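**Q** Everything below, folded, please.
(one chain, ligands or ions: 1)
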Amino acid sequence: MDSLSPEDMAPPFCIGQHEPNRKLPVTPLVVQKAHESNYDMLTTPVTTPYFHSRVLSQLSSHLSSAQAPTYDASGTLATTQSTLPLTISPLSIADTHLTPNESTSQLIGVTSTWIDLGSPDPLIANISRQVLMLEVAYAAFCGIGYLLIPGPKLHHGDMHSEGLVYYARAVQDALSTAPYMQVHIWLRMLDNPDLELDEMGDLAPLARTEYLHNIDGAPSGKVDPLGTWDAWDLIRRTCKYHGRLSVDQVVSALSLPKQLPATFVQSRWHSEPVRLLTIDTTVFIKNQKGYPVLPKPHQALISKFMGLRSAPWILLCDVGPIPNLDEAHEDNASGVSGADFPSLSQAATSNKKHYDPTPHLSYMRNLQQRQSSRNAIERFGMGYQDYLQAPLQPLTVNLESITYEVFEKDPIKYEWYERAIAKALNDWAEQKKPTSDPKGRVVVAVVGAGRGPLVTRALRASAQTGVEIDMWAVEKNPNAFVLLQRHNQHSWGGKVSLVQSDMRSWKGPRRDGDAPVSHLELLQDADSLVPDSPGVEAVHTRVDILISELLGSFGDNELSPECLDGVTHLLNPVHGISIPASYSSHLTPISAPKLHADVMNQTYSNPAAPETPYVVMLHAIDFISTTQSTFPVDSPPGDTGSNVSSNRSRSSGHISPPLPVMELPTPLVQTAWSFSHPNRNIPAQPLSSTASNSHNIRQTRLTFPCQNRGVCHGLAGYFETTPLNVPDNGEIVITMYRQTDDRKVWYEWMVEVFSLEPPSSDPRQGQEYFRQPAHQSQGHGYRRVRVGISDLHSSIKDGCLM
Ligand SMILES: C[S@@+](CC[C@H](N)C(=O)[O-])C[C@H]1O[C@@H](n2cnc3c(N)ncnc32)[C@H](O)[C@@H]1O
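**A** Now for the predicted structure:
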């Protein structure tokens, strides 16, 4: 049996228990019992039902004496006069069970669900705000580190999202009142107005009818798949992408029985800072043995979230009480040790074999065991997920050994290089191509050899194909060059001729007469530093296969085109080849709230941060433009579902059922431009000091259809200062340039957002457009209305020096 190292394993789930109507105080004893049952944490209401009743009665006596609203001279609803301020008095001992103690760190505070911060009635909104602020301040005083605030009520009669800004403002105040607290907004995945039900004692229905009128004419009763996401977007924008603000995503069967929303909704939330996943008891189904299990789409959703760098915690909601709690309370009250004799319920259950008092939790722990172990790529990228890395400039800065070590961990690249070299060598032998070496060997040069992995692969390909090579390695980094010498001595049997030089000033394999100059003489740039032997004329031959790996983010941030242009003249003009022969840069617009927040934070110390082309291993992002039409991820229990596929999961030695995998829509990634080598079309350069690089300028203008609305925070890899909102059935047009002034290379880009008006009123035609792989709207008779445009951005300050 293969044993897995801790870094191979999927991280454990952190699971808590939430009871919506927890009446008893959550004491250290309760927390201890929860731990004994294998829960990691518990929620606790901040205030008691007594406090709720107190506020209700205060409100009711106030309302009985309030006047009807009046209008002032300009017709404004005179809210202040008609809603005499009502002050909720501070909390007293009966208002809260919460008290600071040793278990506080394991608690998540929950603020009152019965308030309505966005009520159109200013009185209700004001009281709600007071209640929230009293609760936030007291929870912060007690040392509560995590607070759940129920999401905004989005519908008041015909009014939709009307008071959302008041809600957002209150959250912003909560964040500043409690400077050490993480605030989670409890939100359903989608907005279904019919299920936004008021409960007994809620303040929302007490809003006075004179304040309820249809302001925006939004239709009610319609499910909006991105309705709650819209609300979240407004809240977090108001709070300026605050680092302590995140989402608690409620997965409950109330929104759509036993179904999850469409994949585009799931992937949208996956890109957001979801730090808690509340899984309601109603989502569970029974397996054949009668135990609660989750439907496969829900399993897939959880696995997807658990793969994130900051995996959310899970809250099991309404799944039954903490076991042995009644007994513990009884024992505590009577002073009798529970170990002395069994309680009534213990006696009753001890007879039932295999009785599991927390079957939902056991199931979740089992699901945790079944999470896939990290694959090679995931291990390779561990710690780098969604991490903004300053781009390297290997041309002007000498890399450190550790950086090369990271490159060399790539599980695919070197393997594929070796295959390509072997194929080229086989071609040479089979097609009997002439070689540039007077002795008939194929001349192979690795330019930019680093610590030498491609040299090793080229030697291996030669041994494997039986085609002899004359091996050269060129590297400008003097420190890496020491390692190349060491490898040549110890691993390569001295077969490699080493040149320490910028490849652009290398004159090619140098031979005295018909013998190559030994590698020891070539420790420095052959021609500039090693004097020619008297009486022997140095001859430079051509290269047959030129191998390089100068590709960075967006295809070429190591200036591969410029570097390779500088050695092209050394390639044999008839049959010389370059590996790679060509490469392309691609892009797609993305929504990346976490990265956007990180960039914004960096902007304080570095104003160029939003225009820096970062290197990022993208993870918590959403592709705004996809090629696939969206459809629900759900399927009947037992079926893997149309877009939930299976994956053989890790288990400790035995085969467990395959874990479902959530498949997301395919992003539309388009090619910006390409470079080919050898580039035989480089214009003849004048003999002046600076050569022109104008042939490496590129420009592109690409259109990306966007079926569902969202926010474009940037282009995969390039980030924008200002997020641009994209409407449903919109289009993003990206114009990008690769610029040069012959000394450095940089990018410029601009993003335009259009709303598309279809040619006919038939909505199906609009859908057709978004399903097609070719998607230039103009050809379809659409009218484009520009709804947003970015500045023309430039990375010139971080341009790559040539
Ligand atoms: C991305 S690293 C690749 C290293 C190695 N070939 C590999 O695949 O692991 C690029 C290497 O090219 C070197 N390099 C970049 N520009 C160069 C130039 N103009 N002349 C010579 N070496 C260069 C850098 O110092 C660095 O060692």
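**Q** what is the residue in the stretch 601-750 of the chain positioned nearest to the ligand paired to in the beta sheet?
**A** Nearest residue of the stretch 601-750 of the chain to the ligand: Val615, at 11.9 Å (Cβ to the nearest ligand atom). No exception for glycine: its C-beta is placed from N, CA and C like everyone else's. Val615 forms beta bridges with Gln389, as assigned by DSSP bridges.
**Q** got a pLDDT number for it?
**A** Val615 is assigned a predicted lDDT (pLDDT) of 82.
**Q** cool, Asp356 as well?
**A** 88.
**Q** again, but for Pro11
**A** pLDDT, Pro11: 75.
**Q** Nearest residue to it in space, ignoring adjacent ones along the chain?
**A** Distances taken as Cβ to Cβ, 6 or more residues apart in numbering place Ala311 nearest to Pro11, at 6.0 Å, with adjacent residues excluded.
**Q** Now for that neighbour: which residues touch it?
**A** 11, 13-14, 305 (Cβ atoms under 8 Å, 6 or more residues apart in numbering).
**Q** Name the nearest of the residues you listed relative to the ligand.
**A** Using Cβ to the nearest ligand atom, those come closest to the ligand at Pro11, 30.5 Å.
**Q** I'd assumed that closest one was in a strand, is it?
**A** No - secondary structure of Pro11 (DSSP: H, G, I helix; E, B strand; the rest coil): coil, not part of a strand.
**Q** top helix in this protein by residue count?
**A** helix 122-142 (DSSP state H).
**Q** for it, packing partners?
**A** Helix 122-142 makes packing contacts with helix 49-65, strand 107-110, strand 146-150, helix 164-177 when contacts are defined by 3 or more Cβ pairs under 8 Å, 6 or more residues apart in numbering; DSSP states H and E.
**Q** hey, C-alpha coordinates of that helix in CSV?
**A** Taking C-alpha atoms only, helix 122-142 is exported to CSV below (Å, rounded to 0.1, in the frame of the first residue of the first chain):
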residue,chain,number,x,y,z
PRO,A,122,-37.0,54.0,8.0
LEU,A,123,-38.2,53.1,11.5
ILE,A,124,-37.8,49.4,11.0
ALA,A,125,-34.5,49.9,9.3
ASN,A,126,-33.3,52.1,12.1
ILE,A,127,-34.3,49.7,14.9
SER,A,128,-32.7,46.8,12.9
ARG,A,129,-29.5,48.8,12.7
GLN,A,130,-29.5,49.5,16.4
VAL,A,131,-30.1,45.8,17.2
LEU,A,132,-27.2,44.8,14.9
MET,A,133,-24.8,47.3,16.3
LEU,A,134,-25.6,46.3,19.9
GLU,A,135,-25.0,42.7,19.0
VAL,A,136,-21.8,43.3,17.0
ALA,A,137,-20.3,45.5,19.8
TYR,A,138,-21.2,43.0,22.5
ALA,A,139,-19.9,40.0,20.5
ALA,A,140,-16.7,41.8,19.9
PHE,A,141,-16.4,42.6,23.6
CYS,A,142,-16.8,38.9,24.4
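**Q** Show me what from the stretch 551-700 of the chain comes close to the ligand.
**A** By Cβ under 6 Å from any ligand atom, the part of the stretch 551-700 of the chain that sits against the ligand consists of 558, 563.
**Q** switch to 5 Å and redo it
**A** With Cβ under 5 Å from any ligand atom as the criterion, the stretch 551-700 of the chain meets the ligand at residues Cys563.
**Q** Under the pLDDT cut-off, which ranges of the stretch 551-700 of the chain? List them.
**A** By pLDDT under 70, the low-scoring segments of the stretch 551-700 of the chain are 555-557, 628-657, 685-690.
**Q** Could I get the full set of helices for it?
**A** Using DSSP state H, counting those that start in this stretch, the helices of the stretch 551-700 of the chain run over residues 560-565, 593-603.
**Q** ok, which stretches of the stretch 451-600 of the chain are strands?
**A** 469-475, 496-500, 510-512, 515-516, 538-540, 545-548, 577-579, 582-587, 589-591 (DSSP state E, counting those that start in this stretch).
**Q** if we can go back for a sec, mind putting the helices and strands packed on helix 122-142 into JSON lines with mean neighbour count?
**A** Output for the helices and strands packed on helix 122-142, formatted as JSON lines (neighbours: other Cβ atoms under 10 Å):
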{"stretch": "helix 49-65", "mean neighbour count": "14"}
{"stretch": "strand 107-110", "mean neighbour count": "25"}
{"stretch": "strand 146-150", "mean neighbour count": "23"}
{"stretch": "helix 164-177", "mean neighbour count": "19"}
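**Q** would you turn these into CSV with distance to the ligand and mean pLDDT?
**A** As requested, the helices and strands packed on helix 122-142 are exported to CSV (distance: least, Cβ to the nearest ligand atom, whole Å; pLDDT from 0 to 100):
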stretch, distance to the ligand, mean pLDDT
helix 49-65, 63, 92
strand 107-110, 46, 97
strand 146-150, 43, 96
helix 164-177, 43, 92
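**Q** Would you tell me which of those gets closest to Thr358?
**A** strand 107-110 (18.2 Å; Cβ to Cβ).
**Q** Partner strands of the closest one, with direction?
**A** strand 41-45 (parallel), strand 146-150 (parallel).
**Q** Now do the first one against helix 49-65, angle only.
**A** It refers to strand 41-45. Interaxial angle, strand 41-45 versus helix 49-65 (axes from the mean of the first three to the mean of the last three Cα atoms, to 10 degrees): 30 degrees.
**Q** CSV please, covering the strands paired with strand 107-110 and showing distance to Leu277.
**A** Converted to CSV, the strands paired with strand 107-110 look like this (distance: least, Cβ to Cβ, whole Å):
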stretch, distance to Leu277
strand 41-45, 13
strand 146-150, 12
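**Q** My guess is the residue of the stretch 601-750 of the chain closest to the ligand contacts Pro391. True?
**A** Yes - in this structure Val615 lies within contact range of Pro391 using Cβ atoms under 8 Å: 5.3 Å.
**Q** so can I have CSV of the strands of the stretch 451-600 of the chain showing mean neighbour count and distance to Asp248?
**A** Below are the strands of the stretch 451-600 of the chain laid out as CSV (neighbours: other Cβ atoms under 10 Å; distance: least, Cβ to Cβ, whole Å):
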stretch, mean neighbour count, distance to Asp248
strand 469-475, 26, 52
strand 496-500, 25, 57
strand 510-512, 19, 67
strand 515-516, 16, 68
strand 538-540, 15, 68
strand 545-548, 25, 49
strand 577-579, 20, 51
strand 582-587, 16, 33
strand 589-591, 26, 20
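**Q** list the contacts for the nearest residue to Asn477 once chain neighbours are set aside?
**A** Leaving aside its sequence neighbours, Asn477 sits nearest to Asn398 (Cβ to Cβ, 6+ apart; 4.4 Å). By Cβ under 8 Å, 6+ apart, the contact list for Asn398 reads 476-480.
**Q** now, the most widely separated pair of the residues you listed?
**A** For the contacts of Asn398, the farthest-apart pair by Cβ to Cβ is Lys476 and Asn479; their separation is 10.5 Å.
**Q** More neighbours: those two, which one.
**A** Using other Cβ atoms under 10 Å as the criterion, Lys476 and Asn479 rank with Lys476 on top: 22 against 12.
**Q** Let me have the helices and strands packed on helix 122-142 in CSV, extended by distance to Leu361.
**A** As requested, those are exported to CSV (distance: least, Cβ to Cβ, whole Å):
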stretch, distance to Leu361
helix 49-65, 27
strand 107-110, 16
strand 146-150, 19
helix 164-177, 30
